[in-house]
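1. below are the sequence and a predicted model; questions follow.
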Amino acid sequence: PAPRSRLVFLWCRFFAQACHPVNAKAQSNSFKMSMSGIQVDNEVVQCYQELKSGKGMTWFSMRISDDKSSIIVDNKGERSGSSETDHAALGAVLPENGCRYAVLDVQAHSKTAGRDVQKIFFVVWAPDTAPIKEKMMTASTKDAVKKALEGVNFEKQCTDRDEYSFESFVEICDTTAR
């Protein structure tokens, strides 16, 4: 076995590299770093703030950049007048064979509370048909993305179109309405 001092040295080196990224330029253009080393781009946080403000945007999708260094905004959707239409528009941009993150503002009538409720969902789209490596990267980066989006009400993981149904979002809104 390696001497204790060698193990301590290796651990300290690993810890320093994990906590202090070398690329300062990449650090300045992004918000948080995931365990995979992939960072959340500032545009993601800006889109989320715009969505939360209720001005125009009701959803946006995100993906891992081609160079695998950051989470970037993929598509944006403006308010259409109905949450069901907005939900369908987001669903139309989710690829059958690729992973995405999305944020969706859902307004639905709660039968339990007897009133309309509004909830913001963080959606993790990882279909069964996506490459396993992409699904693993999506899973390992998810927490960093979610932390960058402060105030998300719910996280919903979807692996197929049935799990992404509008009714499943309405059901969550209904059961959690107060």
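-> Structure received. Numbers count the residues shown, from 1 in each chain.
2. work out for me the element the nearest residue to K146 once chain neighbours are set aside sits within.
-> Closest residue in space to K146, ignoring its immediate chain neighbours: F122 at 5.6 Å, by Cβ to Cβ, 6 or more residues apart in numbering. Where you see a C-beta, it was placed from the backbone N, CA and C, and this is true even at glycine. In the assignment (DSSP states H and E), F122 maps to strand 115-125.
3. now that strand: buried residues?
-> 117, 119-125 (16 or more other Cβ atoms under 10 Å).
4. please apply the same query to stretch 170-178.
-> Neighbour-count burial for stretch 170-178 [16+ other Cβ under 10 Å]: 170, 172-173, 177.
5. give me the most central residue, this protein.
-> Y101 (4.0 Å; Cα atoms, centre = their mean).
6. surely it is within a strand?
-> Yes - when DSSP: H, G, I helix; E, B strand; the rest coil is applied, Y101 is found to be in a strand.
7. who does it bridge with?
-> With DSSP bridges as the criterion, Y101 is bridged to M62, V124.
8. residue contacts, it?
-> Shown in contact with Y101 (Cβ atoms under 8 Å, 6 or more residues apart in numbering): 61-63, 71, 122-125, 138, 142, 145.
9. then F121?
-> 103-106, 152-156, 169, 172.
10. any chance of those residues in JSON lines, with secondary structure, pLDDT and distance to P95 too?
-> Output for those, formatted as JSON lines (DSSP: H, G, I helix; E, B strand; the rest coil; pLDDT from 0 to 100; distance: Cβ to Cβ, whole Å):
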{"residue": "V103", "secondary structure": "strand", "pLDDT": "97", "distance to P95": "17"}
{"residue": "L104", "secondary structure": "strand", "pLDDT": "96", "distance to P95": "16"}
{"residue": "D105", "secondary structure": "strand", "pLDDT": "94", "distance to P95": "22"}
{"residue": "V106", "secondary structure": "strand", "pLDDT": "93", "distance to P95": "21"}
{"residue": "V152", "secondary structure": "coil", "pLDDT": "89", "distance to P95": "22"}
{"residue": "N153", "secondary structure": "coil", "pLDDT": "85", "distance to P95": "25"}
{"residue": "F154", "secondary structure": "strand", "pLDDT": "93", "distance to P95": "23"}
{"residue": "E155", "secondary structure": "strand", "pLDDT": "94", "distance to P95": "20"}
{"residue": "K156", "secondary structure": "strand", "pLDDT": "95", "distance to P95": "17"}
{"residue": "F169", "secondary structure": "helix", "pLDDT": "92", "distance to P95": "20"}
{"residue": "I172", "secondary structure": "helix", "pLDDT": "90", "distance to P95": "24"}
